[in-house]
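My questions concern the predicted model and sequence given below.
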Protein chains: 2
Amino acid sequence: MKKTQLGPRTLLYPMPAFLIGANVGGKPNFMAAAWSGIACSNPPMLTVALQHHRFTLRGIKENGAFSVNIPSSELVKETDYCGIVSGAKEDKVAACAFTIFYGVLKTAPMIEQCPVNLECKVMHMLYLGSHALVVGQIEEVHASEECLVNGEPDVKKINPLIYCTGAEKTYYTFGQRLAEAFSVGMEIKQAKP
Amino acid sequence: MKKTQLGPRTLLYPMPAFLIGANVGGKPNFMAAAWSGIACSNPPMLTVALQHHRFTLRGIKENGAFSVNIPSSELVKETDYCGIVSGAKEDKVAACAFTIFYGVLKTAPMIEQCPVNLECKVMHMLYLGSHALVVGQIEEVHASEECLVNGEPDVKKINPLIYCTGAEKTYYTFGQRLAEAFSVGMEIKQAKP
């Protein structure tokens, strides 16, 4: 299997398409972000990377709080719009007709139309170059009741987006259930003498 | 849209299913990781969170280097196996019949069978609780030539896994191409007066 070198680039598959929320000057604003992931299990933490000039980053610093909203595929236009324009120029909440709610942190705005919302308290901020890496502790998770099966989120009902980076910047949907984790690999373990 | 509170939990959709590689005592080892994401564009950096007792983390500290290997869906068994057993007990490279290669860092082992491989130099390490958050600078990206179209990775040819967290821990495939990013949202922008 011959390998080609593509240079040092941010090529990961999959990447998410989240809407990061913060109050800026007391007004809710949201930006699209794919540079994000889980950072710790206990306590639960996640990372979001934002360019230093982002309007949303200003709000995160003002409040020490932000939200991660997981849009369903039906919100692909709204998600993309929130990645194209700045909250300094347009009222994105009005343009997208988002309904806003607040949780335990009081200052992390969340989008009711997104099936899953995580509110986070800022724990660390690393200045890494083009981006500030924000490490946030997940204080509460809110889920739309339509997405729950036996009280747990069902990914098919959430119907989340995948962001595809590289030459072709594209949104994808989730595909098929492939295998059970912490289970399918036992075949290899059991095959050992 | 009524919301239910699920408590502070690590619920993000999608999450990746990567194989993190490091030499431990000079021998290549790999573990499955879903706690990962991009941290910076320029220079390109990513995060991986590992529990402190992980055998792979020992190797990352020994070398200040690691790899992120993106398995295709065909490698779901091998990926899951690398998440179930510890390299302290089993030779995962032998069990999975992985072919190993090295790149510019010389000490970050990579899996030839994975269509995309990123080699990373450790830049920061944050001790966050149950996990160490490793921030690595991406030094080179290697891609299997079968996955390239016009010199760029094609996600359909990579056929990457998605890890689904929560009550149902499951691997999914990518679904359908939904919309072009930095484009589909222009409809909302243009609709404004």
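Noted; the coordinates are in hand. Numbers count the residues shown, from 1 in each chain, chains lettered A, B, ... in the order given.

what about the closest residue to chain B within chain A, neighbour count?
Distance from chain B to each residue of chain A (C-beta to the nearest C-beta) is smallest for residue A:37, at 2.5 Å. Every C-beta, even on glycine, is put in place using the N, C-alpha and C of the backbone. Residues lying near residue A:37 (other C-beta atoms under 10 Å in any protein chain shown) number 27.

Hmm, it is touching residue B:33, no?
No - using C-beta atoms under 8 Å, residue A:37 is not in contact with residue B:33; the gap is 9.7 Å.

Could you give me the buried positions within stretch A:151-162?
A:153-155, A:158-162 (16 or more other C-beta atoms under 10 Å in any protein chain shown).

What lies in contact with that stretch?
The contact list for stretch A:151-162, computed with C-beta atoms under 8 Å, 6 or more residues apart in numbering or on different chains, reads A:14-17, A:70-76, A:79, A:115-116, A:143, A:146-149, A:171-174, B:4, B:6, B:11, B:13-14, B:162, B:164, B:166-168, B:170, B:172, B:174-175, B:178.

Just the C-alphas of that stretch, formatted as PDB.
Taking C-alpha atoms only, stretch A:151-162 is exported to PDB below (Å, rounded to 0.1, in the frame of the first residue of the first chain):
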ATOM      1  CA  GLY A 151     -34.200   8.100  28.300                       C
ATOM      2  CA  GLU A 152     -31.000   7.900  26.300                       C
ATOM      3  CA  PRO A 153     -30.200   9.900  23.100                       C
ATOM      4  CA  ASP A 154     -30.700   7.900  19.900                       C
ATOM      5  CA  VAL A 155     -28.200   8.900  17.200                       C
ATOM      6  CA  LYS A 156     -30.700   8.100  14.400                       C
ATOM      7  CA  LYS A 157     -33.200  10.500  15.900                       C
ATOM      8  CA  ILE A 158     -30.500  13.200  16.500                       C
ATOM      9  CA  ASN A 159     -29.400  12.800  12.900                       C
ATOM     10  CA  PRO A 160     -26.200  14.800  13.400                       C
ATOM     11  CA  LEU A 161     -24.000  16.300  10.700                       C
ATOM     12  CA  ILE A 162     -20.500  15.300   9.900                       C
END
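
Now find how far off-centre that stretch is within its chain.
Relative to the centre of its chain, stretch A:151-162 is centred 13 Å away, using C-alpha atoms, centre = their mean, to the nearest Å.

Mind checking the pLDDT average for that stretch?
Per-residue pLDDT over stretch A:151-162 has a mean of 95.

what do you get for stretch A:184-193?
The model assigns stretch A:184-193 a mean pLDDT of 79.

And for stretch A:61-73?
Rounded mean pLDDT across stretch A:61-73 is 98.

got the CA positions of it in PDB?
Taking C-alpha atoms only, stretch A:61-73 is exported to PDB below (Å, rounded to 0.1, in the frame of the first residue of the first chain):
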ATOM      1  CA  LYS A  61     -14.000  35.300  27.700                       C
ATOM      2  CA  GLU A  62     -16.700  37.700  29.100                       C
ATOM      3  CA  ASN A  63     -18.700  34.900  30.700                       C
ATOM      4  CA  GLY A  64     -16.300  32.000  31.300                       C
ATOM      5  CA  ALA A  65     -19.100  30.000  29.800                       C
ATOM      6  CA  PHE A  66     -20.200  28.600  26.500                       C
ATOM      7  CA  SER A  67     -22.500  26.000  24.900                       C
ATOM      8  CA  VAL A  68     -22.000  23.300  22.300                       C
ATOM      9  CA  ASN A  69     -25.100  22.700  20.300                       C
ATOM     10  CA  ILE A  70     -25.400  19.600  18.100                       C
ATOM     11  CA  PRO A  71     -27.500  20.500  15.000                       C
ATOM     12  CA  SER A  72     -29.400  17.800  13.200                       C
ATOM     13  CA  SER A  73     -29.000  17.400   9.400                       C
END
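
Would you mind identifying the next helix or strand past the longest strand along chain A?
Counting by DSSP state E, the longest strand found in chain A is strand A:131-144. The helix or strand immediately downstream of strand A:131-144 is strand A:148-149, counting by DSSP states H and E.

in chain A, which spans are strands?
Under DSSP E, chain A gives strands at A:3-5, A:18-24, A:27-33, A:36-40, A:45-51, A:65-70, A:100-101, A:110-111, A:116-127, A:131-144, A:148-149, A:152-153, A:161-164, A:170-180.

Centre of the chain to the fourth one, how far?
Taking C-alpha atoms, centre = their mean, the mean C-alpha location of strand A:36-40 is offset from the chain mean by 10 Å.

Need phi/psi at residue A:165.
With angles defined as degrees, to the nearest 10, residue A:165 sits at phi -90, psi -180.

ok, now which ones touch it?
By C-beta under 8 Å, 6+ apart, the neighbours of residue A:165 are A:10-13, A:15, A:34.

Could you rerun that using 7 Å?
A:10-11, A:15, A:34 (C-beta atoms under 7 Å, 6 or more residues apart in numbering or on different chains).

cool, and residue A:41?
Applying C-beta under 7 Å, 6+ apart, the residues near residue A:41 are B:10, B:130-131.

JSON lines please, covering the buried residues of stretch A:151-162 and showing distance to residue A:125.
Formatted as JSON lines, the buried residues of stretch A:151-162 follow (distance: C-beta to C-beta, whole Å):
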{"residue": "A:153", "distance to residue A:125": "29"}
{"residue": "A:154", "distance to residue A:125": "34"}
{"residue": "A:155", "distance to residue A:125": "31"}
{"residue": "A:158", "distance to residue A:125": "29"}
{"residue": "A:159", "distance to residue A:125": "32"}
{"residue": "A:160", "distance to residue A:125": "26"}
{"residue": "A:161", "distance to residue A:125": "26"}
{"residue": "A:162", "distance to residue A:125": "27"}
